[in-house]
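> build me a model from this:
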Amino acid sequence: MTAKKKINIVLIILVLGLWGTVAYKTISQYFFSKELMANKTELNDELTLNEINKDTFNLGKVARDPFLNRQNQTDSFVSKKYYSKIPNVKIKSNPIVLKPKVIINWPLISYHGYIRSKDKNEELILVKIDKRLYKLRKDDEIEGVTVKKVYNDSIEVNFNKGKKIIRLN
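Modelled structure (predicted):
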């Protein structure tokens, strides 16, 4: 045998030995756990645990604001006469009516590219709207959908004051 084969055999035996010990330690946790628990219970009988008493204290009122560096103001300096001079005034409040948000259901739109004319420098955009293929120009409107901007890989369309960018399929 050559030297490479001998080294490979030694390395394979070494790797198998390592993996065998890992597998043994993993499996032994599940199968031999009863014996280990019996030994642990014997050791736990000898241990004595000290009871820990909770430390309690009373929080007092803070006289100084640590952030503003001044004394806290208390409600005691406000006189009761100040409150008695306020007349009973009923404030009429108009209930706020929230308008429900209108959900815009966009049609299914897919962009399939564009065709550029050589002599007139016009572009026809191929757009599929709700399973129908249309040839549109910039700012054309079909089924409420208006093509605003045209790029090589996408188009910008408007529908009911909403704006989307549709990528090329």
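> report the beta-bridge partner residues of I165.
I165 has these beta-bridge partners by DSSP bridges: E156.
> same check, this time on L124
The partner residues for L124, given DSSP bridges, come to I115.
> do you know how far it is from N105?
27 Å (C-beta to C-beta, to the nearest Å). Heads up, the C-betas are built off the backbone N, CA and C, glycines and all.
> which of these two has more neighbours?
Shown here are L124 and N105; by other C-beta atoms under 10 Å, L124 has more neighbours (16 against 6).
> what residues are up against the more buried one?
Counting by C-beta atoms under 8 Å, 6 or more residues apart in numbering, L124 touches Y114, I115, S117, K135, L136, R137.
> tell me the two of these that are most distant?
Distances among these were taken as C-beta to C-beta; the most separated pair is S117 and L136, at 14.1 Å.
> residues near the nearest residue to L168 once chain neighbours are set aside, how many?
In space, and not counting its chain neighbours, L168 is closest to D153: 4.9 Å by C-beta to C-beta, 6 or more residues apart in numbering. Neighbours of D153 under the rule other C-beta under 10 Å: 9.
> which secondary element of the chain has the worst mean pLDDT?
The helix or strand of the chain with the poorest confidence is helix 80-84; it has a mean of 50 (mean pLDDT, DSSP states H and E).
> you'd agree T146 is up against N160?
No. Applying C-beta atoms under 8 Å as the test, T146 and N160 come out as separate, 10.2 Å apart.
> higher neighbour count, these two?
More neighbours surround T146 than the other of T146 and N160, with 15 against 10 (other C-beta under 10 Å).
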